[in-house]
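S.K.: Test case, fold it:
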Amino acid sequence: MKIVDAAKMIDIARIISLMAMLAYMVLLFIRFMNFYLSGRWYINISIQTIFKCPYARKRVANRVIHDHKNAVHRTNPDSRDRAIREMKTKVSRYDGNQ
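M.R.: All right, here's what the predicted structure looks like:
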């Protein structure tokens, strides 16, 4: 029967924990690359093919502009600088003074 002292057990535990940590990092990297690449394929195949058609580009641009014009809140209503922005007077052109 082998005699295993405390130092040997600590060394074995360190090696096992290091291997487990490296395996987990590899797993996270593989999952990240899998989702990243599948997302890139989705963008390249689905979305970019739509925008090659000029009519589709025009429709999407008009829709975004329409949604922005008719938006209830043009800024984030929860932002802190919204109240400050609303108190300032609006200047129609840049006159050099801020």
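S.K.: Under a three-state scheme, what state does Lys52 occupy?
M.R.: Per DSSP: H, G, I helix; E, B strand; the rest coil, the local secondary structure of Lys52 is coil.
S.K.: Give me the local confidence score for it.
M.R.: At Lys52, the predicted lDDT confidence score is 71.
S.K.: tally of neighbours for it?
M.R.: Other residues within reach of Lys52 by the criterion other C-beta atoms under 10 Å amount to 8. Every residue, glycine included, has its C-beta placed from N, CA and C.
S.K.: Repeat that for His66.
M.R.: 10.
S.K.: Which helix or strand contains it?
M.R.: When secondary structure is defined by DSSP states H and E, His66 falls within helix 54-69.
S.K.: likewise Met25?
M.R.: Assigned by DSSP H and E, Met25 belongs to helix 6-42.
S.K.: shaky segments in the protein?
M.R.: Within the chain, the ranges that satisfy pLDDT under 70 run 1, 39-51, 67-98.
S.K.: three-state assignment of Val4?
M.R.: For Val4, the reduced secondary structure class is coil; criterion used: three-state DSSP.
S.K.: tell me the phi and psi of it?
M.R.: According to degrees, to the nearest 10, the main-chain angles of Val4 amount to phi -110, psi 120.
S.K.: Kindly provide the distance from Ile30 to Lys58.
M.R.: Applying C-beta to C-beta, to the nearest Å, the value for Ile30 to Lys58 is 41 Å.
S.K.: What of Ala7?
M.R.: Between Ala7 and Lys58 the computed distance is 73 Å (C-beta to C-beta).
S.K.: Can you give me the neighbour number for Val60?
M.R.: Other residues near Val60 come to 13 when the count uses other C-beta under 10 Å.
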